[in-house]
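Visitor: Any chance you could fold what I've pasted below:
(one chain, ligands or ions: 2)
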Amino acid sequence: MDSPNAAPPAPAASPGSVEQLITDEHFAIRAHLTDLRELATVFPELDQGAARGRAGAVLDFLNNELLPHAAAEEASIYPAIDRLVGAGATQTMTLDHRAIASIIAQLGVAANGDVEPGARFEAQRLLFVLEALLTTHLWKEDTAYVPLLARLDSHAYTALHAEVAGHTAHREHTH
Ligand SMILES: [Fe+2]
Ligand SMILES: [Fe+2]
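Guide: Ligands and ions are numbered 1, 2, ... in the order given. Next up is the predicted model:
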């Protein structure tokens, strides 16, 4: 049985396909989840400067790469899935995005300022929560949504490809 922590299945998709673009983006995000877990483990013991610096790097990824990825999905892939499965099919995943954004905002508060001992443990908790939520969310997208995209008609598939490739190119340009 597949599990959220397992490596994603080898994509049957051809290089450059929508399925491959999404899988590649998720692969890049998974690499950052290792940083989240490692930072959570040591966060209470770091000195003030290291705590601020490392939390800042993680928050930069979350705010400037992860949240734009989620917004792009809500504008492109999720509507395509809704048309295939039925209106509202992706609502629970959009709610995941809201929950993720809320935890990132809480982490921003807990990991900034004086980063006193009490706040350190709250930031540590939020980092672990985020890692678990993001791991499960990516697993659901890869397992439940990516295989459905082959059902799109060629016009819809081509349109989605242009949207996803555009977002990906934009992010590569700005980072
Ligand atoms: Fe998502
Ligand atoms: Fe995603």
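Visitor: and the one helix or strand Ala51 maps to, what's its mean pLDDT?
Guide: Under the criterion of DSSP states H and E, Ala51 resides in helix 48-61. For helix 48-61, mean pLDDT is 93.
Visitor: Repeat that for stretch 127-143.
Guide: The pLDDT scores in stretch 127-143 average 97.
Visitor: List the buried residues of that stretch.
Guide: Leu127, Val129, Leu130, Glu131, Leu134, Thr135, His137, Leu138, Trp139, Glu141, Asp142 (16 or more other CB atoms under 10 Å). For glycine as for every other residue, the C-beta is placed from the backbone atoms N, C-alpha and C.
Visitor: go on, stretch 96-107?
Guide: In stretch 96-107, counting by 16+ other CB under 10 Å, buried: Asp96, His97, Ile100, Ala101, Ile103, Ile104, Gln106, Leu107.
Visitor: Please list the residues of the protein that sit near ligand 1.
Guide: Ala70, Glu73 (CB under 5 Å from the ion).
Visitor: Give the helix, strand or coil label for Ala87.
Guide: Following DSSP: H, G, I helix; E, B strand; the rest coil, the label given to Ala87 is coil.
Visitor: List the residues that contact it.
Guide: Residues counted as contacts of Ala87 (CB atoms under 8 Å, 6 or more residues apart in numbering): none.
Visitor: so what's Tyr78 up against?
Guide: Thr90, Met93, Thr94.
Visitor: Which pLDDT value goes with Ala6?
Guide: Ala6 is given a pLDDT of 64.
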